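1. build me a model:
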Amino acid sequence: MTTKDTSELRQAVEKMHGGKATLVQSVPIKETFLGKTVWEGVVHVFDLKGNPKATRAYAWSSPIKGTTKQRFFAVLHTKRIYSPIEAIRAAIVAEHRTGKTPP
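-> Coordinates of the predicted model:
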C-alpha cells in the first residue's frame, strides 16, 4: 500500500469515528472458511485519540466490483473486536447479515 492509500485509510477512520488516527502497524491477513480463502489483504492498525469509545481502530479498503473505486472499512477496537483478524471477521458477518458482498 502506498503512503497515499495509508493516508486515505487514516482519513476514513477519522471521518467514520472521529478523533485523530495514527498508524501503528500494517498486518497481512488471510481468513479462510471450510478450506477456502474468504478474505486476503492488509489491515492497518491505528491508535485513535479523541474517540470516547475506543483508542484503536482497524482499517482496510476493498475494490468495488465493476469500478475503479475503493470501499473503506474502519472498525473500532472493542472487547469483542480486539485484533485485525477479529475486525475482518466482524465485517464479514455484518456484510453477510445485510446481504452485501464480503469486504
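
2. residues touching I64, list them.
-> Q70, R71 (Cβ atoms under 8 Å, 6 or more residues apart in numbering). Every C-beta, even on glycine, is put in place using the N, C-alpha and C of the backbone.

3. redo that, cut-off 6 Å
-> I64 sits next to R71 when contact means Cβ atoms under 6 Å, 6 or more residues apart in numbering.

4. list the beta-bridge partners for the residue nearest to the spatial centre of the chain.
-> Centroid-nearest residue in the chain, with Cα atoms, centre = their mean: A59, separated by 2.8 Å. Beta bridges link A59 to H44, A74 when assigned by DSSP bridges.

5. and the gap between it and K65?
-> For A59, the distance to K65 (Cβ to Cβ, to the nearest Å) stands at 20 Å.

6. and if you look at A12?
-> Counting by Cβ to Cβ - A12 and K65 are separated by 19 Å.
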